[in-house]
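Novice: here you go, sequence then predicted model.
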Amino acid sequence: MSRFLNVLRSWLVIVSIIAMGNTLQSFRDHTFLYEKLYTGKPDLVNGLQARTFGIWTLLSSVIRCLCAIDIHNKTLYHITLWTFLLALGHFLSELFVFGTAAPTIGVLAPLMVASFSILGMLVGLQYLEVEPVSRQKKRN
């Protein structure tokens, strides 16, 4: 396996673990969301919204962890890439369209993680395409 894909796998595990922490925080105390993320309109944040955010984050975390385990599964790889695209779209729309988020570290951090992850996964696609061919040649 290429070194880049190994680094990408490690990155996905780290991002997954951080997301699990955010999930726990969302279930433990919904003030976390309006203090760190949705500072533009904190009155819209309630316990139900926090738990929904937590479940969405947990699902993304599980998908990313599974991709790290089986990074050569192209379908799972593409689904994982979509989790980052959706996260990027969500935070950008909350920041620029709906005005519920402000450009604080709480919003800029997930925007940067999603952006770097998208870039890394797009680069990783090249390695994903090359490796199965080289594996096939080794078997022959």
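Specialist: Thanks, I have the structure now.

Novice: shaky segments in the chain?
Specialist: Applying pLDDT under 70 to the chain flags residues 1, 131-140.

Novice: next, the residue nearest the centre of it: phi, psi?
Specialist: Nearest to the mean C-alpha position of the chain, by Cα atoms, centre = their mean, lies F84 at 4.4 Å. For F84, the backbone dihedrals (degrees, to the nearest 10) come out as phi -70, psi -40.

Novice: how close does R51 get to A114?
Specialist: 22 Å (Cβ to Cβ, to the nearest Å). C-beta coordinates here come from the backbone N, C-alpha and C atoms, glycine included.

Novice: and for N46?
Specialist: N46 is 25 Å from A114, by Cβ to Cβ.

Novice: okay, these two: which has more neighbours?
Specialist: A114 (21 against 12; other Cβ atoms under 10 Å).

Novice: could you count how many residues lie near the closest residue in space to that one that isn't next to it in sequence?
Specialist: Nearest residue to A114, sequence neighbours excluded (Cβ to Cβ, 6 or more residues apart in numbering): L88, at 4.0 Å. Residues near L88, counting by other Cβ under 10 Å, number 18.

Novice: numbering from 27 from now on, please.
Specialist: Shifting the count to begin at 27 puts that one at L114.

Novice: isn't L114 right next to V133, touching?
Specialist: No - at 11.4 Å, L114 and V133 do not qualify as touching, with contact defined as Cβ atoms under 8 Å.

Novice: buried residues, the stretch of helix or strand the residue nearest to A140 belongs to. List them.
Specialist: Counting by DSSP states H and E, the element that carries L114 is helix 100-122. Neighbour-count burial for helix 100-122 flags 102-103, 106-107, 109-110, 113-114, 116-117, 120-121 (criterion: 16 or more other Cβ atoms under 10 Å).
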